[in-house]
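**Student:** predicted model and sequence follow; I will ask about them next.
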Amino acid sequence: MSEANKPPIHPVASFLPGPPIDRTRVEGWQRWERTRDLFVPAPVLSMEQYLQLTPRRRRIHDLHRLATHSSLPVQSTPMSDAVGWLVKARIEDGAYSHKAGIRTGVMVNGGGAQGKTETVCAALAAFAEAWLEVNEYMNPEAMAGTRDLLAPVAYVRCPVKATPVSTCQRILDFYGEDYKNMRQEDLIRTVNAAISAHATKALVIDDITRSNCIAKATRTSWIFFWK
């Protein structure tokens with residue numbers, strides 16, 4: 001058998017996904033940021049190479065192909081490129097601004113299964129990586145002697161039949177903050193404090209059309225919306 005026709009050897013089951021990633025929690029979001037581009041697709045084999053595999057290796061290759069098909073990235077289109085650029089540019093424009101005024105947000109809408117969530121999340125992850133590098137992976141606003149909390153991006157899914165209270169609770173869930181027995185006013189103050197303490201520059205609320213009172217629920221200048 002020639003070297004060119006030998007099937008490539010890969011670590012067995014290297015394509016296993018591991019524990020599910022929950023991007024609505026700060027640890028899950030940051031883990032997704034670190035690992036989102038690490039998946040290696042199944043190699044392309046000729047029929048000759050495929051038939052040379054043992055039945056066990058063939059089955060593993062089939063599963064790797066299945067994982068590849070299930071993990072296909074959102075395809076880039078002129079529209080997604082424009083949306084990604086706009087979101088990232090708007091975030092950077094506010095994050096690096098020295099003005100005291102309110103930053104403008106973005107709402108992305110459209111039909112289902114068009115890649116809105118992944119397009120926006122990819123832009124946010126790119127911003128977060130650059131922001132962390134510029135700030136040497138430290139919170140530039142942290143007080144000396146306190147714990148260095150840092151989450152440039154917060155991702156929240158708007159709850160069904162959202163209210164100001166439930167929306168604030170979802171935001172605090174992202175940071176892992178306790179909100180037991182808090183009134184609406186207390187929740188709003190705690191949300192603002194959590195955003196400030198973590199140096200969050202972009203608060204993203206998915207499925208925002210579930211709520212028409214989000215502006216009342218979160219008095220922060222960093223809100224990026226999409227449907």
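**Tutor:** Here it is on my side, so go on. Numbering: from 1, shown residues only.
**Student:** what sits against the residue nearest the centre of the chain?
**Tutor:** By Cα atoms, centre = their mean, the chain has its centre lying nearest to C121, at 4.4 Å. Contacts of C121 were listed using Cβ atoms under 8 Å, 6 or more residues apart in numbering, and they are R23, W32, Y155, V204. (Glycine included, C-beta is placed from N, CA and C.)
**Student:** element containing it?
**Tutor:** Counting by DSSP states H and E, the element that carries C121 is helix 116-134.
**Student:** and that helix, which residues are buried?
**Tutor:** For helix 116-134, burial by neighbour count (16 or more other Cβ atoms under 10 Å) applies to 116-117, 119-128, 131-132.
**Student:** who does the helix or strand following that helix pair up with?
**Tutor:** Counting by DSSP H and E, the next helix or strand C-terminal to helix 116-134 is strand 153-157. The strands that strand 153-157 pairs with in its sheet are strand 202-206 (parallel) (by DSSP bridges).
**Student:** pLDDT weak spots in this structure?
**Tutor:** Applying pLDDT under 70 to the chain flags residues 1-13, 142-148, 209-227.
**Student:** tell me where the protein has strands.
**Tutor:** For the chain, the strands defined by DSSP state E cover 107-108, 153-157, 202-206, 223-226.
**Student:** which one of the ones you listed lies nearest to Y96?
**Tutor:** Closest of the strands of the chain to Y96 is strand 202-206, at 12.7 Å (criterion: Cβ to Cβ).
**Student:** may I have the closest one as PDB, with CA atoms only?
**Tutor:** Output of strand 202-206 as PDB, limited to C-alpha atoms (Å, rounded to 0.1, in the frame of the first residue of the first chain):
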ATOM      1  CA  ALA A 202     -21.900  44.300  26.000                       C
ATOM      2  CA  LEU A 203     -25.100  42.900  27.500                       C
ATOM      3  CA  VAL A 204     -26.700  40.700  24.900                       C
ATOM      4  CA  ILE A 205     -30.400  39.600  25.300                       C
ATOM      5  CA  ASP A 206     -31.500  36.900  22.800                       C
END
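**Student:** now do it against helix 116-134, angle only.
**Tutor:** 170 degrees (axes from the mean of the first three to the mean of the last three Cα atoms, to 10 degrees).
**Student:** run the chain-centre distance for strand 202-206.
**Tutor:** Between the centre of strand 202-206 and the centre of its chain there are 10 Å (Cα atoms, centre = their mean, to the nearest Å).
**Student:** what is the burial count for A82?
**Tutor:** Look at A82: counted by other Cβ atoms under 10 Å, it has 11 neighbours.
**Student:** roughly how far does it sit from E136?
**Tutor:** Counting by Cβ to Cβ, to the nearest Å, the gap from A82 to E136 is 32 Å.
**Student:** and what of I205?
**Tutor:** Here I205 is placed at a distance of 29 Å from E136 (Cβ to Cβ).
**Student:** W32 too?
**Tutor:** On the measure of Cβ to Cβ, W32 and E136 end up 22 Å apart.
**Student:** just want to know which of these two has more residues nearby.
**Tutor:** Set side by side, W32 and E136 show more neighbours around W32, with 15 against 7, by other Cβ under 10 Å.
**Student:** perfect, I'm done here.
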